[in-house]
Structure formats: C-alpha cells, structure tokens
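Participant: Below is the sequence, then the predicted model.
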Amino acid sequence: MIRFPESGAALRGVTILLFCLLACTPFSGAHAGDVQRLFIGVTPELSASGMMRHIADRFEEDRGVKLSWQVLTPDELFSQYSSCFVDAIIADIPEREHTFVGSGFGQGWYALFHSRLLLVGPRGNPGAVPGSSLLEAMQTIEAARLPFVAEDTLSGARDAELFIWSRLQRPANLPVDLHGDLHTKGVAPVNGDWYFLTSPEEGALPTAAAKRAYTLVTCWEWTVFAERLAQEGKENPLDVVVDSDILVNNQYNFIILSQEYCPLVHLEAARTFAEWSMEPETQSYFAAFRNNGKKIFHAMDPSIDMNTP
C-alpha cells in the first residue's frame, strides 16, 4: 500500500489542518457561489491510481458538484476527530466500517466498486496451490504449512485474510451468514514457522519475494510492485496463483458522516454522490477506468462489469 513519507505525522497534521480550513469556510450550507462542494477522505490507492480524479471529473460534469478528496490513513479515516474534516469517506475495511457506522458516526453506507484480491506466490507455484478459489488455496497453504506472509496493518487485504480464516475455522455443518461473516475476524495462524507477520514498512510483497512465500494482496498493490521491478530491470520472483474469487474481494464503500457528530457535513452533496454512484451509467464508468491500460476496479454488478470494454 502506498503511504505517506516518513515526515508522516507532522505533514499529515498540516495537510489536514489546511483541508479543514478549506472545508469549513464560506460554504457552511453546501454552496459557495452556487457551486456545491463535496470533500471525501480516501485510501491512498484511490488517489495514487488516478481513480479519484476519474470519479471527480465525471461527477462534476454530471451533477455540477465540485469534488475534492484528502488521502487519509486507515486510523484517520475512522477517527471522529479526523473524519469530521470531510463530508464522507471511501474505505475498504468492512470490519472497521461496520463498527464506525454502528457507533453512529456514519449515516449512510453505499457499495461503490471493488478490486480483485490476488493470491501470489513463488514462480512455478512450488506448493502446487490450487487456483480455483482463495478459500481452497488458503486451506491448502495452511494444511501443507507453506510459507505465507501477512502485512500486520489495517487494510482491505488483511481484513479479507482474517475473513478467510474465519470461514476455514467454521464447522462444516454451520450455516454461513455471508453479510455477518464479512465483519467477523478469524484467528490467524501463530506468527513464526510457516506464517509470517511483516510490518507495513517491510511490505507483504517484498517479504514474500525474499522468503519465497505466498501472500494475499490487492490488484493495485500487485500492479505497483510488478511495475517497479520492471522499471528497475529486475525479474519478478512472484506470480499470481489465484486471480479473482466471487466470494472474497476488496470492496470500496462510501460512508456519509453523521451530522450529529459532524454538523458541517455537506449532506445534500453527499447524498447526490451516493445516488449518482448507484446508477448503471456510473457503474459502467467506474468499470471503464484503467491505470496504464490495466483494469484495477470493477463494478458491483458483474453484468455491467463484463459488458464494459
């Protein structure tokens, strides 16, 4: 995942303060000179990939609302203090989103689009891990105690990994409540031996490459890693083992902040965005986004996604 520079906290503090000054001045209603504005807190990959620019340009064209965004860390996205500097957030961490909305900090929760989760491993797949589904692949990795790397951080991929462990730990005869399970963390294997936790600074993919291990990452993380190695003229020691799973993906959700906690929220503009995002034409537009020719994000409706060139 792309992160802030090491000057971190101070830089983020100044950025958020400036962002707040912009968000809280002259247009305390939802208008400034008859132009509606919407400020959204987003995860780094949505900005770095170009997806937010793609969204903002079309939203302004379609609805006349000026959309701006601020990149926030996961902790900042779900912090009442930080999140009140924006009108809404777009996040991909279901467990944290569930808690955030359930605690009353969010007053709307809308599915926007998703990205694929990829299981990658050493070239040649020496563990003969099956590529039909993430659940089957992770079950094989655990049973054979094949080296696996997990990045110990708040992220969509980490949340999905813990979801998979929760599914694998269920008794076979226990009915599955998929919606509930998305917010239920399983118990990950013990760190050490074959399962390795790594820090965000080290990164899951570089660590997996060094250990000839398997790891679960988003399509964007894999794209950035592979392109960096190519630019450096280095061979990629990893390859994709599972590329998509209908049951487990990295979903991005739009959450409008509650006016009870954040009274300056531009509610009209936020609701306009939520309604716009669910229209079939908008979903097709989301699915049409490419980063250097690569498809990173997918429409929520598979039929729309498949019919988008």
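Facilitator: Nice, thanks for sending it over. Numbers count the residues shown, from 1 in each chain.
Participant: so who does residue 47 touch?
Facilitator: 69, 71 (CB atoms under 8 Å, 6 or more residues apart in numbering). Glycine gets a C-beta too; all of them are placed from N, C-alpha and C.
Participant: secondary structure class for it?
Facilitator: Here residue 47 is recorded as helix under DSSP: H, G, I helix; E, B strand; the rest coil.
Participant: CA-only coordinates of stretch 288-295, as PDB, when you get a sec.
Facilitator: The C-alpha trace of stretch 288-295 is given here as PDB (Å, rounded to 0.1, in the frame of the first residue of the first chain):
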ATOM      1  CA  ALA A 288     -14.100   1.600 -17.500                       C
ATOM      2  CA  PHE A 289     -11.200   3.100 -15.500                       C
ATOM      3  CA  ARG A 290      -7.800   1.900 -16.500                       C
ATOM      4  CA  ASN A 291      -4.300   2.700 -15.000                       C
ATOM      5  CA  ASN A 292      -1.700   2.400 -17.700                       C
ATOM      6  CA  GLY A 293      -4.100   0.100 -19.600                       C
ATOM      7  CA  LYS A 294      -4.800  -2.100 -16.600                       C
ATOM      8  CA  LYS A 295      -8.200  -2.700 -15.100                       C
END
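Participant: So for stretch 278-294, mean pLDDT?
Facilitator: The average pLDDT for stretch 278-294 rounds to 94.
Participant: now it, how far from the centre of its chain.
Facilitator: In terms of CA atoms, centre = their mean, to the nearest Å, the centre of stretch 278-294 is set 16 Å apart from its chain centre.
Participant: Between the two ends of that stretch, how far is it?
Facilitator: Stretch 278-294 has an end-to-end distance of 23 Å (criterion: CA to CA, to the nearest Å).
Participant: Pull out the buried residues from it.
Facilitator: 282, 283, 284, 285, 286, 287, 289, 291 (16 or more other CB atoms under 10 Å).
Participant: now swap in stretch 262-280 and tell me
Facilitator: 262, 264-267, 269-274, 276-277.
Participant: List the ones among the residues you listed that fall in helices.
Facilitator: Mapping the buried residues of stretch 262-280 onto helices (DSSP state H) picks out 267, 269, 270, 271, 272, 273, 274, 276, 277.
Participant: In contact with residue 135, which residues?
Facilitator: 164, 167, 168, 245, 247, 248.
Participant: Report the two of the residues you listed separated the most.
Facilitator: Spanning the widest gap among these are 168 and 245, at 13.6 Å by CB to CB.
Participant: who has more neighbours, these two?
Facilitator: Comparing residue 168 with residue 245 by other CB atoms under 10 Å, the one with more neighbours is residue 245, at 19 against 14.
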